[in-house]
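**Student:** Would you be able to build a 3D model of this:
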Amino acid sequence: MSKILLIETSTALCSTALSEDGKILCARQSTEPRAHAAMTAVFLKEMLDECGLRAADCDAVCVSAGPGSYTGLRVGSSTAKGICLAAGLPLLSLGTPDILAAQARSEGLLPEGCRYIVPMVDARRMEVYTALFSADGQRLTDTRAMVVDEQSYRAQREEGPVLFIGDGAAKCAELLEGNGAVFVQVCPVATAMAGPAQQAFDARRFEDPAYFEPFYLKEFVATTGKNLLHSGRERV
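**Tutor:** Coordinates of the predicted model:
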């Protein structure tokens with residue numbers, strides 16, 4: 001039986017989970033904005049303690065590879081690499097669009113007759129990081145940065161219902177609505193990684209923890225932050 005630590009920090013949500021043979025044993029997530037640096041390692045320790053395990057008792061660590069938040073991806077990847085190097089575990093990675101596509105299926109979010117899943121990770125203004133998946137979760141295109149307009153995914157929308165999912169979905173709704181398009185505004189979560197991570201583990205699609213880097217897609221641009229007052233955390 002393979003136990004995998006799952007880390008998802010590519011967007012505003014800090015989310016971790018522990019799976020065994022593709023099934024979730026426990027999970028943690030925080031609704032506190034920008035909590036990644038403070039909470040990722042804490043959540044992992046809490047889960048291991050809850051299950052009476054050490055990191056070395058697990059079989060692998062899987063981390064979201066991006067694209068997404070530069071800071072979030074750095075925190076997630078450095079945490080995952082540190083655990084792998086310290087405990088001698090293999091490292092797995094999943095693209096953020098792949099996690100969102102899996103989340104759409106595992107959480108039953110597909111509309112009736114859905115033909116395509118379009119993950120949308122918020123970038124800036126009307127730009128998103130996106131890729132195209134079939135309704136059964138098969139990747140059809142590479143991930144790319146797209147400035148969304150009325151023509152985006154027009155051919156797919158004309159074929160029938162399309163699910164747009166991610167933290168960049170809602171801002172595109174006015175431009176892309178119609179023809180049964182459905183928009184689900186969510187952040188990717190670690191629990192959705194369990195199935196794909198197990199498949200990657202079984203196929204031995206391991207990363208080199210010494211040299212692994214997240215897939216940023218675009219260069220980092222520094223911005224001025226705002227004071228964020230709301231905080232909260234969930235135990236799943």
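**Student:** okay, CA-based contacts and neighbour counts for the rest of this
**Tutor:** Fine.
**Student:** Which residues lie in contact with the residue sitting furthest away from the middle of the chain in this structure?
**Tutor:** Most distant from the centre of the chain: Glu158, at 27.7 Å, with distances by C-alpha atoms, centre = their mean. Going by C-alpha atoms under 8 Å, 6 or more residues apart in numbering, Glu158 touches Asn179.
**Student:** Quick check: the gap between it and Ala131.
**Tutor:** 17 Å (C-alpha to C-alpha, to the nearest Å).
**Student:** Arg125 too?
**Tutor:** Applying C-alpha to C-alpha to Arg125 and Ala131 gives a distance of 18 Å.
**Student:** circling back: the residue farthest from the centre of the chain: which element?
**Tutor:** helix 154-159 (DSSP states H and E).
**Student:** Now do that helix, average pLDDT.
**Tutor:** Taken as a whole, helix 154-159 has a mean pLDDT of 96.
**Student:** care to break the chain down by domain?
**Tutor:** 3-96+189-235, 97-185 (automatic domain parsing).
**Student:** weakest of the ones you listed by average pLDDT?
**Tutor:** Across the domains of the chain, the lowest-scoring stretch is domain 3-96+189-235, with a mean of 90.
**Student:** So which of Arg125 and Ala131 has more stuff around it?
**Tutor:** Ala131 (22 against 10; other C-alpha atoms under 10 Å).
**Student:** wait, the more buried one sits on Asp142?
**Tutor:** Yes. Here Ala131 reaches Asp142: they are 5.9 Å apart, a contact under C-alpha atoms under 8 Å.
**Student:** All the strands of this protein, residue numbers only.
**Tutor:** Along the chain, counting by DSSP state E, strands occupy 3-8, 14-20, 23-30, 60-66, 91-95, 116-122, 127-130, 133-134, 144-147, 162-166, 182-185, 233-235.
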